[in-house]
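J.: Here is my input, please return the structure:
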Amino acid sequence: MKPVLPSDDRLPERFRSKVAESETGCWLWTGATGRDGYSRYRYGGKGSKTGVAHRFAYENLIGPIPHGMQLDHLCRVRNCVNPTHLEPVTPRENTLRGDTLAAANAAKTQCPSGHPYDDQNTFVDAKRRIRMCRACASERMRIRRREAKRKEYSMRPILVTTEHRGVFAGLIEDDQDINARSMPLKSAKMAIYWGTTKGVMELAKDGPNGKSKISLAADIPALHGITAVFDVTPEAWKKWEAA
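T.: So this is what the prediction gives:
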């Protein structure tokens, strides 16, 4: 390789001394480079601001870089500072041209399931800022709803009393240990006032009546201090849900 621009005053001697020409025409930077492989150059000498050498070469030999644009290496050699090997492009275009995961993903025309990434089937996740497949998103939603309904059907209604004299009716998983002193209760309602019912057993068998005062439903992650558990009949549970 041989030095380039030995007498071009548009570039400082200190800059030219760090450049060597390859057989492909690249001006290879022999000075400092960053971890990303791009050249580093102190524009004003020792103690001054450090910039990218290929930008310095382009601005001095070609002209200003348009606002909001980035220089893309057409030669794909990151430490090349030959301005004729550089092209101003948008940040997105620069990313898509690069050898990166983002570029590889952007070049894909189908999702992993084979659905097309077209206008009708594609939307952008606002939080992660990535393309999403509508067909796959709909399928995931369908599966979640089916799973939620399956769990709903696999739950059974019970009535529990607590050590603080609370009475709650709600749903538990079929495999829930009913001897536990603490358990989660879904769609739980509390009997604030029993009305004319004769007791807990009647609340479990027949449900609350018109004079009973029942709280709104809420999911309880863990109801503590349980003293007794009773199965609620289907007829009684309908009344609990309606109360």
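
J.: what residues does the helix or strand where residue 184 lies touch?
T.: Using DSSP states H and E, residue 184 falls within strand 183-193. Contact partners of strand 183-193, identified using CB atoms under 8 Å, 6 or more residues apart in numbering, comprise 155, 160, 166-172, 176-177, 203, 208, 211-223, 226, 240-241, 243. All C-beta spots, glycine's among them, are computed from the backbone N, C-alpha and C.

J.: got a list of contacts for the longest helix anywhere in the chain?
T.: Determined from DSSP state H, the single longest helix within the chain is helix 134-153. Residues outside helix 134-153 that contact it (CB under 8 Å, 6+ apart) are 111, 113, 115, 120-123, 171, 173.

J.: residue ranges with poor pLDDT in the protein?
T.: Under the criterion pLDDT under 70, the flagged ranges of the chain are 1-8, 45, 47, 99-104, 150-153, 196-197.

J.: Follow the chain on from the longest helix of the chain and name the next helix or strand.
T.: Next element after helix 134-153 (DSSP H and E): strand 155-162.

J.: orientation of that following strand relative to strand 183-193 in degrees?
T.: 60 degrees (axes from the mean of the first three to the mean of the last three CA atoms, to 10 degrees).

J.: any residues touching strand 155-162, and which ones?
T.: Taking CB under 8 Å, 6+ apart as the rule, strand 155-162 contacts 167-174, 178, 183, 185-186, 200, 203-204, 223-232, 234, 236-237, 240.

J.: Please repeat the previous calculation with a cut-off of 6 Å.
T.: For strand 155-162, contacts defined as CB atoms under 6 Å, 6 or more residues apart in numbering pick out 167-169, 171-173, 203-204, 225-230, 232, 237.

J.: Show me what secondary structure element comes after that strand.
T.: strand 167-173.

J.: what angle sits between that following strand and helix 134-153?
T.: Relative orientation of strand 167-173 versus helix 134-153 (the same axes, to 10 degrees): 130 degrees.

J.: Only C-alpha atoms, please: export strand 167-173 in PDB.
T.: Provided in PDB are the C-alpha atoms of strand 167-173 (Å, rounded to 0.1, in the frame of the first residue of the first chain):
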ATOM      1  CA  VAL A 167     -67.500 -15.200  54.500                       C
ATOM      2  CA  PHE A 168     -66.400 -15.300  50.900                       C
ATOM      3  CA  ALA A 169     -67.500 -17.100  47.800                       C
ATOM      4  CA  GLY A 170     -65.300 -17.400  44.800                       C
ATOM      5  CA  LEU A 171     -63.600 -19.700  42.300                       C
ATOM      6  CA  ILE A 172     -60.500 -21.900  42.800                       C
ATOM      7  CA  GLU A 173     -58.500 -24.300  40.500                       C
END
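
J.: Please consider this matter closed, and thank you.
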